[in-house]
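1. predicted coordinates and the sequence they were generated for:
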Amino acid sequence: TKHVIKNILWTTAKNFTVERGRQQIEELISTWDIHESWLHHSEFLEEEELKDSRRYHYRACWGIPTRRKPIPQATASVYFVIVISKFKPDTAPVEVFYRLESSRLIWRPEQCQFREKWLKDIVENKIVCTERL
């Protein structure tokens, strides 16, 4: 069976605000197939002015709190960048990219479905690392 990539309708450059960007990242995250035990919070990090675009950086920090350990042993972050081109019309939708904290690989939401396994791998690797120390 073919896997359907879920995406959302992104706002236009002229309608973009920092808060709207965070809300849309939350909307995208809600389309990801992730177990309900994973909790996250998202935050705006910074605005970056480049020659050809403005970039807005966000982070979603994930963890699995439990009754015994309400503060997770380790967390996994996903970093998002919303790009507004200075050359495209302001009626064009913003572009969105994300990457995992442990990777340099950059993903586009419309090209690849997010996998819960990525979060698990980051958390497990951190736990293994701390146990070795």
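-> Perfect, thanks for sending it.

2. which helix or which strand is home to His57?
-> strand 53-63 (DSSP states H and E).

3. next secondary structure after that strand?
-> strand 76-85.

4. identify the residues contacting the next helix or strand after that following strand?
-> The element immediately downstream of strand 76-85 (helix or strand, assigned by DSSP H and E) is strand 95-100. Contact with strand 95-100 is made by 10, 24-25, 28, 76-85, 105-109, 118, 122, as judged by CB atoms under 8 Å, 6 or more residues apart in numbering. From N, CA and C alone the C-beta is placed, and that goes for glycine too.

5. now, of those residues, which are buried?
-> Among those, those classed as buried by 16 or more other CB atoms under 10 Å are 10, 24-25, 28, 76-84, 107, 109, 118, 122.

6. pull out the buried positions in stretch 43-59.
-> Phe44, Ser53, Arg54, Tyr56, Tyr58, Arg59.

7. identify the farthest-apart pair in those residues.
-> Ser53 and Arg59 (19.4 Å; CB to CB).

8. between the helix or strand bottoming out on mean pLDDT in the chain and strand 95-100, how many degrees?
-> The least trusted helix or strand in the chain, going by mean pLDDT, DSSP states H and E, turns out to be helix 116-132, with a mean of 92. Per axes from the mean of the first three to the mean of the last three CA atoms, to 10 degrees, the angle that helix 116-132 makes with strand 95-100 is 40 degrees.

9. mind listing what's buried in helix 116-132?
-> Of the residues in helix 116-132, those buried (16+ other CB under 10 Å) are Trp118, Leu119, Ile122, Val123, Lys126.

10. what about Gln111, neighbour count?
-> 9 (other CB atoms under 10 Å).

11. show the contacting residues for Glu131.
-> Taking CB under 8 Å, 6+ apart as the definition, Glu131 has no contacts.

12. ok, back up a step: quick check, nearest of the buried residues of helix 116-132 to Glu36?
-> So of those, ranked by how close each gets to Glu36 (CB to CB), first place is Leu119, at 13.2 Å.

13. spatially nearest residue to Val81, not counting backbone neighbours?
-> Phe97 (4.9 Å; CB to CB, 6 or more residues apart in numbering).
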